[in-house]
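Student: this one's sequence-less:
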């Protein structure tokens, strides 16, 4: 196992084991890194989340399906009403005693076997479950809706209500789940029989309801796994001594074992198991892989996410039993060798207790591709890698993880594919093509795109290589490969920025030298028009120099290089990427946020009386419409003020109206930026300068937004007092900003992240601002447009309030400005299109909490404001968008 960190187990913990009681005693060294006493299992977290979700579903059913729950209770009472009272009382007495005796008996049995740690976990879970039970009972009795109370309780004989959650049943279930009785069939059957009998007798006697029983079971189960995940479960991983004993059990005579730790540490590779190099008394050494439940569960949520979001790609089951994992790896090992590929030869398998298995392979000496230097990876090694893939694919075997550490090269240069555990038998064409795309990228990262593609074409043929181009996209690659590509992209971007900054500095120095050489103009000798022409020529020359520097520094990413190399061989090869994602993370977040926003809006609309809308002042509605329309002129001014080039004012207004349509299909902070950048480019502004202009406008807008928020917040805090002491809210806001700045500067990773983003922002914006500063009227137009934009929105909100405010409880403009600016900031950060939901909630909360408006006035006012500024402009925005698109302006 060259290329891996192989340490004698004795470096961590010494130990010996007697392996032959009848003959001479052989002492076998068996040591390993000290294992953690407790581990946090992802499976416990998953069960906790499932339990919380199930509890929420039960409470929702109790709240909204009252008729169904009442009918179910009546049916149960009618069906059990004929049961003899004596039988019910005897069964209740027996189950009440047994439900406590069975857990105690199990605890005694575990203590005798010195497994007290599990009993302690069970007792802790039982105590916590009892606390949750008491809290739930208190909430249902005092704070829950009447429908939930009716669904979970029954009238008690002596008056009052029964307990919604049973105070002794939930702790018993929590104890049972935490100590692991479910893995012991006899104890599990006995306890569940007692629990079912107890629940049945309580239902028959009318002491509880069906939903109460279900809620009790779910609370006990959820608290148990929440406790286990929080404190950790006892570590049951097999030690090195267990491994050596297991090898003896299958007929080997080990002398020593050394732990082999992979040099490459990746989160997606954590389920590969622990690897050992075992030396035998006679014969060659062995490679042994030990897989336990904890390692098998690693990467569970990542596999679930991939399974949910990727279409047409079969992945192994997210949850596999150890025996299923053992059988899958053994099958793939035998199938790979039968296909003619060089793969590790499996010679034995065995269980190591109930929570681990081992796989014994013939030892493979060599180094992984990741452990080799670039100059050591010869063309023979590259071809050998492709030959192994060809052999696997000839029998439709997919590897699914062809990264550098899965390819082993021995001293003779022979290539072996390892790590077949995640592979697939009878794989589909899509998965096989993904393997080719993955290996092209893996080899391209080490030897370059040209050599990787040439070897692939030589071994597989041009058609197979060309077929993988639609899958040559990051989402189809392994997690570690995507991380490497992202790192290389950041390095390329940094080099491009440095080249542009260097060219800009050189151009500035050249301009200063030219100015010093020629000196100042001599009055009338130099015409003013000629001077402006010369300045314009210098700027154009500087822009050309910057563009040339950027073109020279721009590097093609690896995937593009691979595509280009393949297209040189097969020009007609398809290159359009295949849509692999069912749903993108941003889309999922938008859907969830949109659903919450829709619920919020509908609930607000439902609470608004129709009489309030009918009594609205239509004169103020017209004023609000006017200010909403004026905001597009202000937005045009705020954009054109940072564009020195001549751009049509009317078309820019239409572009801002078109932005109202774009905001509905994209988050508010994204759609407008993209549309304005595209519009400026189509208007003749160079791409880099268009991005810089929009960036300068956004940067100034952000600064103006913060300054206005602080200024109006200060005025809001002082308008009701005689002095100018700022409000506590403003002080708290300033202190929060100061603390955040200190945190960012104190943590190196955050400091580097922020400084990199600011440097990239100012690298393009600052030169553009220098151009704008040379035209004061442009700057005045831009800043004035920003102030006018804020004013029009505030006045539109004010007119919307006046339209419904019949009591003349008007807010000051300072308070309105604070509410608007805070709501607009939340809307820009929200993932929903147009900030739907976030803006409405923030504005309503601000008008009620800060302004003191009644809810029946604030709600319709906010809805009218959003109708005029977001929803009604959609149709004219769509018309403007299509018009500008037909005219080639977008």
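Tutor: Yes, it's here. This structure is a prediction, so every number in the text was calculated from the model and none was measured.
Student: for the residue lying closest to residue 473 once chain neighbours are set aside, give me its contacts.
Tutor: Distances taken as C-beta to C-beta, 6 or more residues apart in numbering place residue 577 nearest to residue 473, at 4.8 Å, with adjacent residues excluded. Just so you know, the C-beta spots here come from the backbone N, C-alpha and C atoms, and that holds for glycine as well. Residues counted as contacts of residue 577 (C-beta atoms under 8 Å, 6 or more residues apart in numbering) are 470, 471, 472, 473.
Student: kindly provide the distance from residue 577 to residue 470.
Tutor: In this view, residue 577 and residue 470 are 6 Å apart by C-beta to C-beta, to the nearest Å.
Student: quick one: residue 207 and residue 161 touch, right?
Tutor: No: counting by C-beta atoms under 8 Å, residue 161 is not a contact partner of residue 207; they are 10.9 Å apart.
Student: what residues are shared contacts of the two?
Tutor: residue 154.
Student: ok, the contacts of residue 577 vs residue 639, which is closest?
Tutor: Set against residue 639, the nearest of those by C-beta to C-beta is residue 473 (34.5 Å).
Student: my read: that closest one touches residue 579, true?
Tutor: No: in this structure, residue 473 is not within contact of residue 579 by C-beta under 8 Å, at 9.8 Å.
Student: about what we covered before: filter the contacts of residue 577 to the buried ones?
Tutor: Neighbour counting with 16 or more other C-beta atoms under 10 Å marks 470, 471, 472, 473 as buried within these.
Student: contacting residues for the third one?
Tutor: Going back to what we said before, that points to residue 472. Residue 472 neighbours (C-beta under 8 Å, 6+ apart): 437, 440, 441, 559, 562, 563, 577.
Student: how far away is residue 212 from residue 150?
Tutor: 11 Å.
Student: of those two, which one has the most company?
Tutor: residue 212 (26 against 17; other C-beta atoms under 10 Å).
Student: picking that back up, ok, and the most crowded of the contacts of residue 472?
Tutor: Top of the contacts of residue 472 by neighbour count (other C-beta under 10 Å): residue 440, with 29 neighbours.
Student: can you tell me the SS state at that residue?
Tutor: Following DSSP: H, G, I helix; E, B strand; the rest coil, residue 440 is assigned to helix.
Student: low-confidence stretches in the stretch 151-300 of the chain?
Tutor: Low-confidence segments of the stretch 151-300 of the chain, defined by pLDDT under 70: 156-160, 181-185, 203-206, 234-236, 261-272, 294-300.
Student: kindly recompute the last result at 50.
Tutor: Residues of the stretch 151-300 of the chain meeting the criterion pLDDT under 50: 262-270.
Student: how about the helices in it?
Tutor: 169-179, 185-205, 210-231, 240-249, 293-297, 300-309 (DSSP state H, counting those that start in this stretch).
Student: could the ones you listed go into TSV alongside distance to residue 480?
Tutor: Output for the helices of the stretch 151-300 of the chain, formatted as TSV (distance: least, C-beta to C-beta, whole Å):
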stretch	distance to residue 480
helix 169-179	36
helix 185-205	41
helix 210-231	27
helix 240-249	28
helix 293-297	17
helix 300-309	12
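Student: please identify the deepest-packed of those helices.
Tutor: helix 169-179 (a mean of 27; mean count of other C-beta atoms under 10 Å).
Student: counting by contacts, list what that one packs against.
Tutor: Contacts defined by 3 or more C-beta pairs under 8 Å, 6 or more residues apart in numbering; DSSP states H and E place helix 169-179 against helix 85-112, helix 116-142, helix 185-205, helix 210-231.
Student: what angle do helix 169-179 and the third one make with each other?
Tutor: With axes from the mean of the first three to the mean of the last three C-alpha atoms, to 10 degrees as the basis, helix 185-205 and helix 169-179 are set at 170 degrees to each other.
Student: where's the helix or strand hosting residue 337 relative to the chain centroid, distance-wise?
Tutor: Residue 337 is part of helix 322-338, with elements assigned from DSSP states H and E. Put simply, helix 322-338 sits 32 Å off its chain's centre (C-alpha atoms, centre = their mean, to the nearest Å).
Student: list the buried residues for it?
Tutor: Within helix 322-338, the residues scored as buried using 16+ other C-beta under 10 Å are 322, 325, 326, 328, 329, 330, 332, 333, 335, 336.
Student: packing partners of that helix?
Tutor: By 3+ C-beta pairs under 8 Å, 6+ apart, helix 322-338 packs against strand 286-292, helix 293-297, strand 346-351, strand 356-362, strand 397-398, strand 424-425.
Student: and the fourth one, how far out from the chain's middle?
Tutor: When you say that, I think you mean strand 356-362. Taking mean C-alpha positions (C-alpha atoms, centre = their mean), strand 356-362 and its chain are 35 Å apart.
Student: now the third one
Tutor: For strand 346-351, the separation from the chain centroid amounts to 38 Å (computed by C-alpha atoms, centre = their mean).
Student: packing partners for that strand?
Tutor: Counting contacts by 3+ C-beta pairs under 8 Å, 6+ apart, strand 346-351 packs against helix 240-249, helix 322-338, strand 356-362.
Student: show me where the stretch 351-500 of the chain has its helices.
Tutor: 379-394, 429-447, 449-460, 462-467, 479-518.
Student: can you tell me how far residue 421 sits from residue 285?
Tutor: 21 Å.
Student: tell me which of these two has more neighbours.
Tutor: Neighbours around residue 421 and residue 285, counted as other C-beta under 10 Å, are more numerous at residue 421. The numbers are 22 against 19.
Student: in this structure the more buried one contacts residue 328, no?
Tutor: Yes: taking contacts as C-beta under 8 Å, residue 421 lies within contact range of residue 328: 7.0 Å.
Student: over to the nearest residue in space to residue 805 that is not next to it in sequence. Which of the three states is it?
Tutor: Closest residue in space to residue 805, ignoring its immediate chain neighbours: residue 857 at 5.3 Å, by C-beta to C-beta, 6+ apart. At residue 857, secondary structure determined by three-state DSSP is helix.
Student: tally up the residues packed near residue 857, please.
Tutor: Other residues near residue 857 come to 22 when the count uses other C-beta under 10 Å.
Student: that one touches residue 801, doesn't it?
Tutor: Yes: if you go by C-beta under 8 Å, residue 857 and residue 801 touch, sitting 6.9 Å apart.
Student: doesn't residue 59 lie inside a strand?
Tutor: No: counting by three-state DSSP, residue 59 falls outside a strand, being helix.
Student: list the residues that contact the residue nearest to it when sequence neighbours are not counted.
Tutor: Sequence neighbours aside, residue 148 is the residue nearest to residue 59 in space, at 6.3 Å (criterion: C-beta to C-beta, 6+ apart). By C-beta under 8 Å, 6+ apart, residue 148 lies in contact with 59, 62, 63, 140.
Student: residue 148: which element?
Tutor: Using DSSP H and E, the element containing residue 148 is helix 146-152.
Student: residue 453: what's it in contact with?
Tutor: Here residue 453 is in contact with 440, 444, 465, 562, 565, 566, 569 (criterion: C-beta under 8 Å, 6+ apart).
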